[in-house]
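Undergrad: Predicted coordinates and the sequence they were generated for:
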Amino acid sequence: MVRRENIYLIGLMGTGKTTIGRQLAKSVKLPFYDTDKAIEESTGVDIPTIFEFEGEEGFREREQKMVQQLTQLNGIILATGGGTVLREQNRNMLKQNGFVVYLQCPIDRILERTRRDTQRPLLQTENPRDRLEGLHKQREPHYLSCADFTIDTGTLPSKAVVIRILEEYRAAVG
């Protein structure tokens with residue numbers, strides 16, 4: 001049985017998954033989870049530290065285990081990490097266990113939102129724009145392949161995004 005009472009948010013870093021997720025959870029009175037925060041809580045260290053000591057592959061292993069754990073819960077809102085969709089098993093768990101919303105946002109807007117954020121290891125580079133464009137090109141097909149609904153978060157206020165997501169969710173699940 002597909003558990004459609006879960007709503008999962010996917011998309012690049014800086015698209016608003018955590019912000020929208022919290023507002024969504026508050027509006028429907030469901031618990032909110034963030035895979036990155038859950039990983040930090042379970043390990044006792046922040047994401048940049050995991051990347052430093054275990055590399056991206058080590059982080060992705062931890063992320064996959066956390067996605068597996070969180071997608072077994074019922075009635076939650078989940079903000080995933082931007083690279084969660086890289087693993088087929090994660091995409092399958094998301095698609096099978098909830099309503100998946102892809103938050104899209106123009107690269108310029110993501111750069112505005114993340115320019116002072118030191119907690120994003122993949123953006124600690126000489127050229128964050130090139131990195132984001134590369135990540136977008138690599139990940140976009142995966143985002144699209146598992147999304148039930150796609151919305152642009154670059155121009156709409158977060159409250160409007162939440163309303164649209166709920167409209168689509170309710171139409172999809174009846």
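TA: Done, it's in. Keep in mind that what you see is a predicted model, and the values were worked out from it rather than measured.

Undergrad: where do the helices sit along the chain?
TA: For the chain, helices defined by DSSP state H occupy the ranges 17-28, 35-43, 47-70, 88-97, 107-114, 128-146, 158-173.

Undergrad: now what about the fifth one, what contacts it?
TA: Contacts with helix 107-114, where a contact means C-beta atoms under 8 Å, 6 or more residues apart in numbering, come from 12-16, 120, 123, 128-129, 132-133, 136, 154. All C-beta spots, glycine's among them, are computed from the backbone N, C-alpha and C.

Undergrad: Now do the phi/psi pair for the spatially most central residue of the chain.
TA: In the chain, the residue lying closest to the centroid (C-alpha atoms, centre = their mean) is residue 80, at 3.0 Å. Dihedral pair for residue 80: phi -90, psi 160, per degrees, to the nearest 10.

Undergrad: That one contacts residue 10, doesn't it?
TA: Yes: counting by C-beta atoms under 8 Å, residue 80 does reach residue 10; the two are 5.3 Å apart.

Undergrad: Report the buried residues of the one helix or strand in the chain whose mean pLDDT sits lowest.
TA: Lowest on mean pLDDT, DSSP states H and E among the helices and strands of the chain sits helix 107-114, with a mean of 85. Residues of helix 107-114 classed as buried: 107, 109-110, 113-114 (neighbour count, 16 or more other C-beta atoms under 10 Å).

Undergrad: picking that back up, kindly indicate the member of the contacts of helix 107-114 with the most neighbours.
TA: Sorting the contacts of helix 107-114 by how many neighbours each has (other C-beta atoms under 10 Å) puts residue 15 first, at 26 neighbours.

Undergrad: Give the full set of residues in contact with that residue.
TA: Contacts for residue 15 (C-beta under 8 Å, 6+ apart) come out as 82, 103-105, 110, 153.

Undergrad: May I ask which of those residues comes out lowest in pLDDT?
TA: On pLDDT alone, residue 110 ranks lowest of the contacts of residue 15, at 88.
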